[in-house]
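Undergrad: What follows is a predicted protein model with its sequence.
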Amino acid sequence: MDTVFEISAEPLDIPALSTSLTDRAAGAFTSFAGWVRDHNDGRQVDGLDYEVFAPLALAEGAAILEEARRKFRVNAIRAVHRHGMLQIGDCAVWVGVVSAHRDEAFRACRYVIDEVKHRLPIWKKEHYRDGTAEWVNCQHPGTGHEDHSHGDGHSHGQPAIAEADFYARQIRLPEIGTEGQAKLKAAKVLIVGAGGLGSPAGLMLAAAGVGTIGILEFDTLEASNLHRQVLYTAAEVGQPKAGAAAHRLSALNPFIDVRIHAAKADADTLPDLFGQYDIVLDCTDNFTTKYLLADAAVLYGKPVVQASIHRFEGQLLTIDPKSPGGCLRCLWPAPPPEGLIGNCAEVGVLGVTPGLFGTLQASEALKIILGLPGVLDRHLLIMDALTLESRRIGRRKDADCPVCGTHPTIHKLQRNENAAHGLDAADLTPEALARFRIVDLRETEELAEHPLPQAQHAPFSRFEAANPGFDDSRPVLLVCASGRRSNAATQLLRAQGWNDVFSLIGGVKSLAHLFHQAAE
Amino acid sequence: MTLPVRLEYFALLREQRGLSAETVETGAATARDLYRELASAYGFTLGVDRVRVAINNEFASWDRSLAANDTVVFIPPVAGG
C-alpha cells in the first residue's frame, strides 16, 4: 500500500487506520483528524450533512495522495473523508502519513489536508441549534489555512433582512397573498439538470420562495457552459455544478432549503426522488432522460414540466398525470435515435433561448403550486426567439400510448442505456446516413459477404478505444456483422468521452437497402 | 384537383426545408401523403413516424384529410437544454 483514499459512510475507526500504516522502514507517523465542532461564525451547530460527488472525489483524492507521496518522498499515505450526517465530535476527515523522517511526514500531511479541503467535490450543510440549516461551500480555491473540519472564512449567518420583505411585491398580487406565499414555502420542486434551462428556472423558483428546491446534476462546469448557464461564475469552472448551484440559490434566498443530488437521472435514482418532491422540472438535454422523466410523471403521479431547445426555438409542455392532455409518448411514442436531431453542443445555442424556456418552466411550476389557471397540460407551446412567433397546439391523451394509454406496455422506468446508443436502420434515410462516418469493425475475411465500400475499415481484433484510428469530427456509426462488436466498441468509446458514436443494430446487412435507395 | 394549404416547419425540418412557412397547392389527400411528398422533395431525414403533424393548432392523425386553407404544422421532437 502506497496511497489509499476512501469515502466512508461509516464512523472512522482511527486506531485501525493508524495500525494499517505500520511500516518497519518508517521512522515517523503523523496524522490529522478533522472533527465536527459545535459552533461556526457565532452560530450554534448541531450537526453536519456531507454531500460527496463520489466518482470525482475518489479520483481527485487519489491524485492528491499520489502528488504528496512523490513531492515529499514519503512511504505511504492513507486518507478517508466521511459523507452523510455527522454529529458534534464525529471525525469528518482523517489523514495518516508514514515516512523515514518526521519533517516530510508533517509536510505531506499538511499538504494532503489542505488540498482535500480545496479540491474535493464535497459540500456540507450545517444544521443549527435554532432548527435552520444552510449549505456551506467547502471549496475555496486560493485560500489556504484549514485547521478544523469546517468554518473556512465563508461569511454567513442570519440574513439582515426579514422574510416578509423579501416577498413583499409578489404577496401584493391578489392571486398570491400570504396564503399563496405559504403554499410556495411548503412546495418541493426538483430541477433535473442545472444547465441552460435549469439555471433560470432555479433562480426564479428560489427568488419566488419555493421552500424546497432539489438540484439533480452530476456534471462539472465547463467554460462553454457560462454563456447560458447563468447560475455560475467563471471562477467556478471545473467545479461540480450541483454544489455551485445550491450555493448560489441559498445565497439568493436564505429562507429556502436547497438540496443537492449529485447523481444521474436514471431508473435507480428517479423512483426515490419522485417520492421526495411535488413537481419535477425536466431541464435536461437528451432524449433518453426526457423520456425517463415523462414516464416517471405517469408512473409516480407527479407533474413534470418539460422544455427542450433547438437553436432559436423551443418546446414546452407540462405532463400532468391527471390531465386529459396526455404525456410525451402520446405525441412521440419513442425517442428518435440520439444523433439524428442534434443537441446544443452540436448545433449551437444562444443563451437567451434556454433563458426564456427555463423561465417558462418556473412559471408553470408556480402556476401549479398556486392553483393559477393556464397550466400547459393540454397544449404544447412552440416558440421562436427570433420571430417571437409562438403556437399553442392542443394535445390529447392517446388511447394507444405505451405508458398512459388504456393498455400500457411500460410499467416501470426503462433501462436500455445501451440501446440508447444503437441506431436502427429502419430509422435511417440515405440522407441521415450521409451525416455519419461509417466505420466497419469486421475482420478482413468477413468483408466479402456484405461489402461496404462506403465504410472505413477498422477490424475489431485490433480495436483500441484510446486510439481507434478515426476521430469524432463527424458523428460515427460503427457497424459489424451482428451489432454486438459495434455495441461493445460504442460503449468503450463513450467511456472515453465520445458523445457522437453509435452502433448499428442488427449489423451491416440491415444497411443494404439504404445504399440501394441512394444509388437509385 | 389541388388545395391551397399553409405549411409551417419547426426545428430540423425548418433547416432541411430552408424556410419556416409557405403556402402550397397540394394534391395530397392526407397529411401523410403531403409529408411524404415534401420529404422526398427536400430530403427530410426524419421518417413520418418520428414527426407529428398539427392541423389548425391541434395535433392530428396522419390519416386526416386535408381541407382548403388548413394550416399544417410539422413538429419533430427536440431535446436541447
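TA: Right, received. Where do you want to start?
Undergrad: Tell me where chain B has helices.
TA: B:11-17, B:31-42 (DSSP state H).
Undergrad: Mind giving me the packing neighbours of the shortest one?
TA: Contact analysis of helix B:11-17 by 3 or more Cβ pairs under 8 Å, 6 or more residues apart in numbering or on different chains; DSSP states H and E lists helix B:31-42 as its packing neighbours. (Each C-beta comes from the backbone N, C-alpha and C, glycine too.)
Undergrad: Which one of the helices of chain B has the poorest average confidence?
TA: By mean pLDDT, the lowest-scoring of the helices of chain B turns out to be helix B:11-17, with a mean of 90.
Undergrad: list the buried ones in that one?
TA: For helix B:11-17, the neighbour count (16 or more other Cβ atoms under 10 Å in any protein chain shown) marks B:11-14, B:16-17 as buried.
Undergrad: Widest-spaced pair of these?
TA: B:11 and B:17 (10.8 Å; Cβ to Cβ).
Undergrad: okay, the helix or strand containing residue A:32 in PDB with CA atoms only?
TA: Per DSSP states H and E: residue A:32 is located in strand A:28-35. Output of strand A:28-35 as PDB, limited to C-alpha atoms (Å, rounded to 0.1, in the frame of the first residue of the first chain):
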ATOM      1  CA  ALA A  28       7.800   8.800  11.600                       C
ATOM      2  CA  PHE A  29       4.000   8.700  11.600                       C
ATOM      3  CA  THR A  30       1.800  11.800  11.600                       C
ATOM      4  CA  SER A  31      -1.900  12.100  11.400                       C
ATOM      5  CA  PHE A  32      -4.600  14.800  11.100                       C
ATOM      6  CA  ALA A  33      -8.200  14.400  12.200                       C
ATOM      7  CA  GLY A  34     -10.900  17.000  11.400                       C
ATOM      8  CA  TRP A  35     -13.900  17.000  13.900                       C
END
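Undergrad: Helix or strand with the lowest mean pLDDT in the chain?
TA: Here I'm looking at chain A. helix A:344-347 (a mean of 60; mean pLDDT, DSSP states H and E).
Undergrad: Chain B was what I was after
TA: Per-SSE averages on chain B (mean pLDDT, DSSP H and E): minimum helix B:11-17, a mean of 90.
Undergrad: Quick one: residues contacting the residue most central in space within chain A.
TA: By Cα atoms, centre = their mean, the mean C-alpha position of chain A lies nearest to residue A:217, the distance being 2.3 Å. With contact set as Cβ atoms under 8 Å, 6 or more residues apart in numbering or on different chains, residue A:217 has these partners: A:192-195, A:198, A:240-242, A:245, A:261-262.
Undergrad: List just the nearest of the residues you listed to residue A:405.
TA: residue A:192 (24.6 Å).
Undergrad: Quick check: the gap between that closest one and residue A:215.
TA: 9 Å (Cβ to Cβ, to the nearest Å).
Undergrad: ditto for residue A:46
TA: 24 Å.
Undergrad: okay, the two: which has more neighbours?
TA: residue A:215 (26 against 15; other Cβ atoms under 10 Å in any protein chain shown).
Undergrad: Before I go, just wanted to say thanks for your time.
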